[in-house]
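Trainee: What shape does this take:
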Amino acid sequence: MEYNTKRNTLTIREYGRNVQKMVEQLKLIEDREQRNEAARAIVRTMDQLNKNTEAASNKADSIDYWHKLWDHLFVMSNYELDVDSPFPKVEKKEVKPVMEKPDYNKHHIRLRTYGRNMERIIKEVSQYPEEYRNRLSKPLVNHLKMLYLTFNRDSVNDNVIKQQLSDLSDGLITVPEDYLLTPTKELNQLISNNAFFVTPPAKKKKKKKKKKKANPAI
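Mentor: Residues are numbered from 1 along each chain as shown. Predicted coordinates:
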């Protein structure tokens, strides 16, 4: 038994497998007159299949309609058919090159809670001299704690935040063990008041002064 999976791919599905086979056999006919006659017979068969639809039957007398059928015949032959067509032979269209996908940022985020930008900041600060690293370690660790609390306000371990800062900086930024981070309650209050986000102040609209109308009696 012959399965469709082992057959050639249908170029134009609306004509079915049998018409596709007829076109493949048509290319094997050596005599040109016989090949021309067989090509016209296949086109008439394609016309009969199209007449099953009301829209196609209304266009049967149109030159464009028959031009389309001959074009489809050449397409199904993979543009290899050599017959005397009443219309110019359709040329194979060049396949447009597949667009390459853009190279998205595939940088691995070590701790998604803090995001890629925070990781870049820590990497940048870790290149500073030790004196500056020590100064910035405390505001950095408090900022990490605030970011952590935006996702989990129930519990947070200050020692874990300190260790994560050290890990993200490859041990170059450390916080003294006796340093106490900003209390969780205070940070949660800042988050609730949106004080964590810096927003530009709203511009006040200037009120237009109304001009006093001149008294005509004066």
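
Trainee: Name the helix or strand of the protein that has the lowest mean pLDDT.
Mentor: helix 54-57 (a mean of 52; mean pLDDT, DSSP states H and E).

Trainee: Give me the buried positions along the helix or strand following that one.
Mentor: Note on helix 54-57: by DSSP states H and E, the next helix or strand toward the C-terminus is helix 63-76. Neighbour-count burial for helix 63-76 flags 66, 68-70, 72-76 (criterion: 16 or more other C-beta atoms under 10 Å). Just so you know, the C-beta spots here come from the backbone N, C-alpha and C atoms, and that holds for glycine as well.

Trainee: Asn18 sits in which helix or strand?
Mentor: Asn18 belongs to helix 16-26, assigned by DSSP H and E.

Trainee: contacts for that helix?
Mentor: 4, 7-8, 10-11, 35, 38-39, 42, 45-46, 49, 73, 76-77, 81 (C-beta atoms under 8 Å, 6 or more residues apart in numbering).

Trainee: what's the farthest-apart pair in those?
Mentor: Using C-beta to C-beta, the contacts of helix 16-26 reach their maximum pairwise distance at Asn4 and Arg35, which is 27.0 Å.

Trainee: State the pLDDT value of the most centrally placed residue in the chain.
Mentor: By C-alpha atoms, centre = their mean, the mean C-alpha position of the chain lies nearest to Lys101, the distance being 9.0 Å. pLDDT, Lys101: 73.

Trainee: Give me the buried entries from the contacts of helix 16-26.
Mentor: 35, 38-39, 42, 46, 73, 76-77, 81.

Trainee: my guess is Thr174 contacts Leu136, does it?
Mentor: No: if you go by C-beta atoms under 8 Å, Thr174 and Leu136 don't touch, sitting 11.6 Å apart.

Trainee: Out of the buried ones among the contacts of helix 16-26, the closest to Thr184 would be?
Mentor: Met76 (72.8 Å).

Trainee: what sits against Leu149?
Mentor: Applying C-beta under 8 Å, 6+ apart, the residues near Leu149 are 156, 184, 187-188, 191.

Trainee: Next, work out how far apart it and Leu111 are.
Mentor: Counting by C-beta to C-beta, to the nearest Å, the gap from Leu149 to Leu111 is 14 Å.

Trainee: next one: Thr182
Mentor: Distance from Thr182 to Leu111, by C-beta to C-beta: 19 Å.

Trainee: same deal with Met76?
Mentor: Met76 is 58 Å from Leu111, by C-beta to C-beta.

Trainee: repeat for Glu91
Mentor: Taken as C-beta to C-beta, the span from Glu91 to Leu111 is 58 Å.

Trainee: Of the two, which one has the most company?
Mentor: Leu111 (14 against 8; other C-beta atoms under 10 Å).

Trainee: is it true that that one touches Leu168?
Mentor: Yes: between Leu111 and Leu168 a contact is recorded at 6.8 Å, counting by C-beta under 8 Å.
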